[in-house]
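following is a predicted model, sequence given first.
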Amino acid sequence: MAFRDFYALDPGEKNWSVPQDFDVTFNWDYDDGRAAMMGLYAKGKEMQWDAATRIDWDQELDEENPEQMPEESLPIHMAPCYLKMSAKEKGAVRKNFQAWQLSQFMQGEQGALICAAKIVTQVPDVDSKFYAATQTIDEARHVEAYKRLLTKFGVVYPMTKPLQDLIEQTLRDSRWDMTYLGMQVVIEGLALASFGQIRDHAQNPLCAQVNAYVMQDESRHVAFGRLALRDYYPQLTQKERDEREEFLVEASYLMRDRFDAVELWQNLGLPIEECATAMYESGFMEKFRNSLFTRILPIVKDIGLWGEYVQKGYTEMGVIDYAKADVQALQDEDENIARQFDARQKDIERVISRAQAAE
């Protein structure tokens, strides 16, 4: 089957074109640049991996709960319409919800791929161009990994409207730092929390492994945006910073609201209002929505966009306390968990090798 045949909803035209208006910038000064940025570039080169070989794609998925997530992770698990379903019907809902979520990861990673390529062409600093080049191949690999995983699911969903709006807004802006702010800080930062939910709760090793390896890369990407913008934003006027703070708050609302999944419930023939109410009353989802900001607020504060408007916006969202999170500790944990998955995979391979030798 062609991959397009897996779509549960018609994604529309094959291509989505976003008009661009920005300068392509060359830099004739090839000095190494900032030590921290060049160190990140070196790490980006060193930690390249092949999605086809690092992951064992022969691992099976459960038909009714592919990720083997706990029941409470399904945000409508206490909705009356869900409680009345048969076991088979509940399985179809779980599978479609997980596929819908992974589909947003895949679609968002293509957006990140295009944004990384735009950064290479637009950013004025050579060291940033070098690192963004490594991120571009990272993002292509992530699209490949999620495409392979969704092929095993056998069902895919188009990009949600809030995510599409934010990516379009990020790409249309001609200012190079806005690509960083929209993708590196907001979308990548919030995505890390989504990936982490599956990595840490999925009992299916394939699904957990894919998200662990993607998170290992994404932590570097967020660090890249942090380094670049922390040096640049002190140079801006207060008016320019105010514009970026307004964008941040609006983008944060968009990313938080993209989890409403209205199109998913419509496709499954479920009552929208009932599902929406269940989602917002779900303790698991409330905790998840809030935890989305553990990766973004400390970085927003660190890069100098911590004016009255931003603080008020995040206070009204009820997430201001996440500014105290230790981002470096979270990034170190992402690295360690990915290495643990590698170690487990090697142990499995050694057991299989010994068994084959004994035979």
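Yep, it's here.

the stretch 1-150 of the chain: helices as residue ranges?
Taking DSSP state H, counting those that start in this stretch, the helices of the stretch 1-150 of the chain run over residues 35-46, 51-54, 80-83, 87-122, 126-153.

nearest to residue 244, out of these?
helix 87-122 (16.2 Å; Cβ to Cβ). Quick note: C-beta positions are derived from backbone N, CA and C, even for glycine.

other SSEs contacting that closest one?
Contacts defined by 3 or more Cβ pairs under 8 Å, 6 or more residues apart in numbering; DSSP states H and E place helix 87-122 against helix 126-153, helix 161-172, helix 176-179, helix 188-201, helix 205-232, helix 262-267.

turn the ones you listed into a markdown table, columns for mean pLDDT.
Converted to a markdown table, the helices and strands packed on helix 87-122 look like this (pLDDT from 0 to 100):
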| stretch | mean pLDDT |
| --- | --- |
| helix 126-153 | 97 |
| helix 161-172 | 91 |
| helix 176-179 | 94 |
| helix 188-201 | 89 |
| helix 205-232 | 93 |
| helix 262-267 | 94 |
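
out of these, which is closest to residue 327?
The minimum distance between residue 327 and the helices and strands packed on helix 87-122 falls on helix 205-232, with 7.6 Å, by Cβ to Cβ.

for that closest one, buried residues please.
For helix 205-232, the neighbour count (16 or more other Cβ atoms under 10 Å) marks 205-229, 231-232 as buried.

try stretch 76-94
Within stretch 76-94, the residues scored as buried using 16+ other Cβ under 10 Å are 76-77, 79, 81-82, 90-91, 93-94.

with distance to residue 6 added, can I get the helices and strands packed on helix 87-122 in a markdown table?
Below are the helices and strands packed on helix 87-122 laid out as a markdown table (distance: least, Cβ to Cβ, whole Å):
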| stretch | distance to residue 6 |
| --- | --- |
| helix 126-153 | 7 |
| helix 161-172 | 19 |
| helix 176-179 | 30 |
| helix 188-201 | 19 |
| helix 205-232 | 17 |
| helix 262-267 | 13 |
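
OK, contacts around residue 227?
34, 36-37, 40 (Cβ atoms under 8 Å, 6 or more residues apart in numbering).

any idea of the mean pLDDT for stretch 315-322?
For stretch 315-322, mean pLDDT rounds to 90.

tell me how far that stretch lies from the chain's centre.
Distance of stretch 315-322 from its chain centroid, counting by Cα atoms, centre = their mean, to the nearest Å, is 21 Å.

kindly report the same for stretch 92-111.
Distance of stretch 92-111 from the chain centroid (Cα atoms, centre = their mean) equals 11 Å.

can you mark which positions in it are buried?
Those would be 93-111, for stretch 92-111 by 16+ other Cβ under 10 Å.

ditto for stretch 323-338
323, 325, 327, 330-331, 334-335, 337-338.

same deal with stretch 127-143?
127-136, 138-143.

tell me which two of these sit farthest apart.
Greatest spacing in the buried residues of stretch 127-143, by Cβ to Cβ: 127 and 143 (25.5 Å).

which element follows the lowest-mean-pLDDT helix or strand in the chain toward the C-terminus?
The helix or strand with the lowest mean pLDDT-type score in the chain, counting by mean pLDDT, DSSP states H and E, is helix 283-291 (a mean of 71). Following helix 283-291 in sequence order, the next helix or strand is helix 297-302 (DSSP states H and E).

alpha carbons only: can I get that next one in CSV?
C-alpha atoms of helix 297-302 as CSV (Å, rounded to 0.1, in the frame of the first residue of the first chain):
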residue,chain,number,x,y,z
LEU,A,297,9.5,28.3,30.2
PRO,A,298,13.0,28.0,31.6
ILE,A,299,14.4,28.6,28.1
VAL,A,300,12.1,31.6,27.5
LYS,A,301,13.4,33.1,30.8
ASP,A,302,17.0,32.3,30.0
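
residue 216 and residue 105: what is the separation?
Residue 216 sits 15 Å away from residue 105, taking Cβ to Cβ, to the nearest Å as the criterion.

returning to what we had before: and the angle from the least confident helix or strand of the chain to helix 188-201?
On the basis of axes from the mean of the first three to the mean of the last three Cα atoms, to 10 degrees, helix 283-291 is oriented at 140 degrees to helix 188-201.

what is helix 283-291 packed up against?
helix 188-201.

ok, residues contacting the helix it packs on?
67, 69-70, 73, 101, 104-105, 108, 112, 207-208, 211-212, 214-215, 218-219, 221-222, 225, 252, 255, 288, 291-296, 299, 330, 334, 337.

please apply the same query to stretch 19-33.
In this structure, residues lying in contact with stretch 19-33 by Cβ under 8 Å, 6+ apart are 38, 118, 121-129, 171-172, 174-176.

and that stretch, how far out from the chain's middle?
The answer for stretch 19-33 is 27 Å, by Cα atoms, centre = their mean.

how about that stretch: buried residues?
22, 33.

compute the first-to-last residue distance for it.
32 Å (Cα to Cα, to the nearest Å).

report the rounded mean pLDDT for it.
89.

the chain should start at 6 in everything you say after this.
Sure, I'll start counting at 6 from here, so that last one is stretch 24-38.

and residue 333, what element?
helix 332-363.

over to residue 283?
Using DSSP H and E, residue 283 falls within helix 277-286.

show me what that helix is packed up against.
Helix 277-286 packs on helix 85-88, helix 267-272, going by 3+ Cβ pairs under 8 Å, 6+ apart.
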